[in-house]
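Engineer: Everything below, folded, please.
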Amino acid sequence: MEMSLPPYADRPVAVVTGASSGIGRATARTLAEQGWQVIGVGRDPVRSAAAEAEIAAAARKDGGFTMLRGDFTLMADVRRVAGEIQHLTPRLDVLINNAGGVRDRQIISAEGTEATFAVNHLAPFLLTRELTPLLRASAASLPAGSTRVIAVSSSGHRAVDGLDWDDLQSLGEFRPAVAYCRAKLANILFTRELARRAGPDGIVAQAMHPGVVASNFSAHGDAAMRAHMAAADTVPPDEPAETLAWLATEPEGGRTGGRYFHRRAEELPAEAARDDAAAARLWTESERLLDGLGFR
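Structural biologist: Purely as a prediction, here's the structure:
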């Protein structure tokens, strides 16, 4: 698989997950229009093909776009995608962990993980870990603050008091909205701990809330979630995409890591999202889960 500038020359490189529709598609297009080499990841083959055609056509002459396919409820697919990215590029300037979603019921993957937890937290955790060597390579050759990992979280994290350490994946009692909100809390805690661990390597990690976006986000949600989305005052995907591109490219996104943003402004997340002990524990528990699945 070829990119338009095969060895990436001197162009910055970004990976955007969930790039086949919604926020991810709009973000990938924005970066490609700015001359970035963008690698997108999408699940649905029809939407992925349409996004690839649109973004590749919109890319600036010195930019480019390639779409990879993967089901991020499966860690085997996450690892495979990471390997394909490593084959495409020796560097990675920005990783945007955007893929996610909500389910209307408990779904257990073939690997034994719960789908909401897997796609929203465990997949970006594993992908970031697998791509850290590329991020370090970029950080070593770029000005301080240039290499970034950005998580798309949600204000839904405010609806829960913390994670259930006895049932982190909601394998027991399952309530769709609670499982989703806990996964979005996990995004912020992961970002906080990643900022602490990767900061010395020159990698800056940030999280953001996109707002209630007019997209297919709730297509697999329960009736209550679909009704909430239908009644909400939504924004088009281009609005959060502007914030993501701003976090990826502008100086503010490269300053102190571990912060939380909405509409290009820093916000204070919920108290549970500022718990450094919980952030460290989540990292350890996530590693333990991946080890148990055979992903050391």
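
Engineer: how deep is R158 tucked in, by neighbour count?
Structural biologist: As a burial measure, R158 scores 16 neighbours (other C-beta atoms under 10 Å). C-beta here means a position set from N, CA and C on the backbone, and glycine is covered the same way.

Engineer: Ignoring the adjacent residues along the chain, who's closest to it?
Structural biologist: Closest residue to R158 apart from its sequence neighbours, by C-beta to C-beta, 6 or more residues apart in numbering: A270 at 4.5 Å.

Engineer: you'd agree the one you found is up against G156?
Structural biologist: No: if you go by C-beta atoms under 8 Å, A270 and G156 don't touch, sitting 10.1 Å apart.

Engineer: Let's check: the centremost residue of this protein is which one?
Structural biologist: Centroid-nearest residue in the chain, with C-alpha atoms, centre = their mean: N97, separated by 1.2 Å.

Engineer: and that residue, how far is that from K61?
Structural biologist: According to C-beta to C-beta, to the nearest Å, N97 and K61 sit 28 Å apart.

Engineer: what's near enough to touch the residue nearest to R158?
Structural biologist: H157, R158, L185 (C-beta atoms under 8 Å, 6 or more residues apart in numbering).

Engineer: Repeat that for V119.
Structural biologist: Residues in contact with V119 (C-beta under 8 Å, 6+ apart) are F72, T73, A99, G100, G101.

Engineer: burial measure for the first one, as a count.
Structural biologist: What it means is F72. 26.

Engineer: Surely it is in a strand?
Structural biologist: No: looking at F72 with DSSP: H, G, I helix; E, B strand; the rest coil, it is coil, so not inside a strand.

Engineer: Need the pLDDT of it.
Structural biologist: Here, the pLDDT recorded for F72 equals 98.

Engineer: Same question for the third one.
Structural biologist: pLDDT, the model's per-residue confidence, is 97 for A99.

Engineer: How many residues are close by the closest residue to it other than its chain neighbours?
Structural biologist: Distances taken as C-beta to C-beta, 6+ apart put G18 closest to A99, at 3.4 Å, once the chain neighbours are dropped. Around G18 there are 26 other residues, counting by other C-beta under 10 Å.

Engineer: Next: S48.
Structural biologist: Neighbour count for S48, taken as other C-beta under 10 Å: 21.

Engineer: Could you check how far it is from F65?
Structural biologist: Taking C-beta to C-beta, one finds S48 at 11 Å from F65.
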